[in-house]
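**Q** 3D, please:
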Amino acid sequence: MRRLILSALAAAAATLAAQSPQTPTTRVPRFPVVEATIREMQRAMQDRRVTSRELVTQYLTRIALYEKRINAAIAINPRALDEADARDAERAQGRARGPLHGIPIALKDNIHTIDLPTTGGALAFANFTPPYDATLTKNLRDAGAIILAKTVLTELANWVAGVPTPMPGNYSAVGGFAYNPYDPRPDPREPNNDGRPVLSTGGSSSGAGTAANFWTANVGTDTAGSVVNPAALTMLVGIRPTTGRISRHGIVPITLDQDTAGPMARTVADAAILLGALESASPDPDDPATTRCTPPAGRDYTRFLKADGLRGARIGIPRAFYYERLTVPTERAPRGGLNDAQATLMAEAIEILKREGAVVVDPANLPSVTDPDPAGNILLVDICSGINSGKGKDANCSVVLKYGMKRDFNAYLATLEASAPVKSLTDLRIFNLTHQRGNAIRYGQSNLDISDEMDVRQDRARYEADRAKDVTLAGERGFKAAIESNRLDALMFPGWNISNLAARPGYPEIVVPLGMVPAGGGAGRGANPLPAGFDPRPSPYSAAFVGLACSEPRLIEIAYAFEQATKRRVPPDSVR
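**A** Below is the predicted model of the structure:
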C-alpha cells in the first residue's frame, strides 16, 4: 500500500509541476520557496516577482524530488495549479481574499476537504471524500489559501492501538510511515525494524513536509500533544490553541473535551498568521466550544509579533519533574528531569529570557505535581490506553479519552449520513477484523476495543468524575495555581512533555526551536543499541510556553521575542 501511494504521489507531483511553462527545473527561480515566509511570499507576489502558480510549482517539484524519502503526504491536490491560477487572476484584479491569498498549505488527513479524500489513515476510510468541508477548511479557503496536500498522520490521531503493540507515531494503514527529514532512515533494530523511522516524527500530526519545505505551513490536530510534539521534533513552531478557539466541526475526533486543530510553521510569524486564518470571526454553531475565547480584532495575531515581547514578562520555571528529577508519592525511584544536553539548552533559554528583560520566577512548580498526597498528584493519573486499561482494570487511570472516542466518534459518523464508510465504532472494529489481511490493523486495535466497551449512558458518571479530576489537577491546582500565585504570564517547559497535561484543561501552548540534542530513546546505546556504524543524528529540541485559557496573544508576544533572540531553526540537510 505504502509503495503504491508513494509512487502515485511522486507521479502526481511531477505531472503537476511539469504543467508549468516556467518550472523551476529549467531555471533558477526568481523567488526560491525554501525557508521563505508567508510575508515574504506575499510581498513577492504583490511586487510581481513571483506568482502563486510558481510557488505551487516549486513545492510540487520538491515533493516529486524528495517525497519518496520523507513520505509526508497522503494526497496531493490535482487542482492545485488551477487554484493558483485563480488566486493569481484575483490578485491581478485587485482582489486579495485574506492573509493567505495564494499560499500553499497542507492539512492533516483527518480534516474534511470536499475535493480531496479525508481518510484519517484508516483503511475503512480509504478514498472517502466527505460531504462537507471542515469549518477551518472553509476559513482557510476564504483567506485565500491553496490546500496543496493532505499530510500523513498516526491513524485516527493515534487512538487505534495501545498496549501490547502500540502503533508507532505517524503510521497508518493508508499512508504507511512518515520519516523525519532530520534523519530520514528506518530503524534497523529488532524489534523496531518494521519500517518505522529511527528518529521519531512525533505525535499524530506530521510536520515533516513543512520542515522539508514541501508547502508553506500545515495544520495538525492535538488531543494530548499532537501539534506541539511533532513540531518540536521537526524544528517547527507549533501552537496548540485553547480548546474551542478553533472549530472542530469536520475533524475526525478522539474526544471533544481535548481535541483542537493548530498551526505548524517554520516561524512564529507564519504560525500566528495561520492561527488567525483558522479561527472563525464568530462562534461556530456547529461547535459550541467556540464561544470560549474572543478573537483579536480582525483575527490578526500579527499585532502581537513584538521583538520586545519579553521585556517585563513574568516567566515561571517549573523545576520539579520537568527540569529536575522528582520522587513521586508511592514510588521509590525518582523520575523526570533532563539529561545533560537538554539541561544545557534550557539553561541557555533561561539566560536568554533574563537578557531580553523577562522576570524569571524560579522555581514556579505546579502544586499538583509536587503534592505528597497520591490522590492529589497529577503524575499518578495516567490516560487509560491499551488492553490493560479495559473495564475492570481502569481504576487508576482517566477514562476521558476512551469514553470520548465512543461518544464523539459515533456522533461524528452520524453527521456523514449516507456517505459514512462505517456507521459506528463497532462497525469500524468489525471492518478492521475482517480486513486484517489487507493490513487494516497491523498493530491491533486495543484502544478502539476499550473505547467500544464503554457505555455512554451507564459510564457517564465515571467519565464525569475523571473529567472533573483532570481539569482540577491539571488546571485549577496545576497550571492555574502556579501562574496565578506567581503572577506569571507563562510557564516555560523543556521540550514538549507538558502537552499531555496542558491539553486536559485545554490550555494553549507554543513550542519554539531551541537547538539539537543527541537522539534519545536509547538510540545508539542502552538496552537496544543501534548496530555498529549506524550513527544516530541529533534530534531537534524546543522550549514550550504555556499560559491560561485564551492567552494566545500574550504567548505569541513571548514566543516571537524568544524566537528573534535565538533564531535556532536549521533546515534539514536531507532535502536541500
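**Q** Okay, the nearest residue to residue 291 once chain neighbours are set aside and residue 222: tell me how far apart.
**A** Closest residue to residue 291 in three dimensions, ignoring its sequence neighbours and counting by CB to CB, 6 or more residues apart in numbering: residue 283, at 4.7 Å. Where C-beta positions appear, they are placed from N, C-alpha and C, glycine not excepted. According to CB to CB, to the nearest Å, residue 283 and residue 222 sit 20 Å apart.
**Q** Compare the two and say which is more crowded by neighbours.
**A** residue 222 (32 against 17; other CB atoms under 10 Å).
**Q** Over to that one: give its phi and psi.
**A** Dihedral pair for residue 222: phi -140, psi 120, per degrees, to the nearest 10.
**Q** residues in contact with stretch 29-36?
**A** Here stretch 29-36 makes contact (CB atoms under 8 Å, 6 or more residues apart in numbering) with 41, 44, 49-50, 54-55, 58-59, 62, 213, 216, 266, 571, 576.
**Q** cool, stretch 350-369 as well?
**A** Stretch 350-369 has contacts (CB under 8 Å, 6+ apart) with 308, 310-321, 326, 376-379, 473-474, 477-479, 481-483, 486, 488, 491-492, 501, 561-562, 565-566.
**Q** Kindly report the same for stretch 556-571.
**A** 34-35, 211, 213, 235-237, 239, 266-269, 272, 301, 304-311, 313, 315, 349, 352-353, 355-356, 489-490, 510, 512-516, 543, 545.
**Q** 6 Å instead?
**A** Contact with stretch 556-571 is made by 35, 235, 268, 272, 301, 304-307, 309-310, 313, 352, 356, 490, 510, 512-515, 545, as judged by CB atoms under 6 Å, 6 or more residues apart in numbering.
**Q** Which ones among the residues you listed map onto strands?
**A** Per DSSP state E, strands hold the following members of the contacts of stretch 556-571: 490, 510, 512-515, 545.
**Q** Looking at neighbours, which among the residues you listed is most surrounded?
**A** Highest neighbour count within the ones in strands among the contacts of stretch 556-571, by other CB under 10 Å: residue 510, with 33 neighbours.
**Q** What distance do you get for the closest residue to it other than its chain neighbours to residue 323?
**A** Leaving aside its chain neighbours, residue 510 sits nearest to residue 559 (4.4 Å; criterion: CB to CB, 6+ apart). According to CB to CB, residue 559 and residue 323 sit 19 Å apart.
**Q** the strands in the stretch 101-250 of the chain, which residues?
**A** Per DSSP state E, counting those that start in this stretch, the stretch 101-250 of the chain carries strands over the ranges 104-108, 146-151, 171-172, 176-177, 217-222, 237-240.
**Q** So, low pLDDT: which residues of the stretch 201-350 of the chain?
**A** Nowhere does the stretch 201-350 of the chain drop to pLDDT under 70.
**Q** Could you do the stretch 1-150 of the chain as well?
**A** Applying pLDDT under 70 to the stretch 1-150 of the chain flags residues 1-14, 16-28.
**Q** let's go with 80 and repeat that
**A** Within the stretch 1-150 of the chain, the segments meeting pLDDT under 80 span 1-29.
**Q** Pick out the residue nearest the middle of this structure.
**A** Centroid-nearest residue in the chain: residue 227, 1.8 Å away (criterion: CA atoms, centre = their mean).
**Q** can you pull out the helices in the stretch 151-300 of the chain?
**A** 208-211, 228-233, 268-278 (DSSP state H, counting those that start in this stretch).
**Q** how about residue 406, secondary structure?
**A** helix (DSSP: H, G, I helix; E, B strand; the rest coil).
**Q** residues making contact with stretch 382-395?
**A** With contacts defined as CB under 6 Å, 6+ apart, stretch 382-395 is touched by 162-163, 397-399, 401-402, 446-447, 450, 453.
**Q** can you check stretch 321-329 too?
**A** Here stretch 321-329 has contacts from 320, 334, 336-338, 369, 372, 374, 377, 379, 493-494, using CB under 6 Å, 6+ apart.
**Q** Now with 10 Å, please.
**A** 317-320, 333-338, 342-343, 346-347, 350, 362-363, 365-366, 369-380, 491-495, 497-498, 544 (CB atoms under 10 Å, 6 or more residues apart in numbering).
**Q** Return the set of buried residues in it.
**A** By 16 or more other CB atoms under 10 Å, the buried positions in stretch 321-329 come out as 321-323, 326, 328.
**Q** Send me stretch 271-288 as CSV with only the CA atoms.
**A** Only the C-alpha atoms of stretch 271-288 are listed here, as CSV (Å, rounded to 0.1, in the frame of the first residue of the first chain):
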residue,chain,number,x,y,z
ALA,A,271,2.1,30.3,12.8
ALA,A,272,0.4,33.5,14.0
ILE,A,273,-0.9,34.3,10.5
LEU,A,274,-2.2,30.7,10.1
LEU,A,275,-3.8,30.8,13.5
GLY,A,276,-5.8,33.9,12.6
ALA,A,277,-7.0,32.3,9.4
LEU,A,278,-8.1,29.1,11.1
GLU,A,279,-10.2,30.9,13.7
SER,A,280,-13.7,31.9,12.9
ALA,A,281,-14.8,35.5,13.2
SER,A,282,-17.8,34.5,15.4
PRO,A,283,-18.7,31.3,17.2
ASP,A,284,-19.4,28.3,15.0
PRO,A,285,-23.0,27.0,15.6
ASP,A,286,-21.6,23.5,14.8
ASP,A,287,-19.1,23.7,17.7
PRO,A,288,-20.5,25.2,21.0
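**Q** Okay, buried residues for it please.
**A** Buried, per 16+ other CB under 10 Å, within stretch 271-288: 271-280, 283-284, 287.
**Q** Same question for stretch 451-459.
**A** Buried residues in stretch 451-459, counting neighbours by 16+ other CB under 10 Å, are found at 451-452, 454, 459.
**Q** go on, stretch 471-486?
**A** By neighbour count on 16+ other CB under 10 Å, the buried set for stretch 471-486 is 471-475, 477-480, 482-483, 486.
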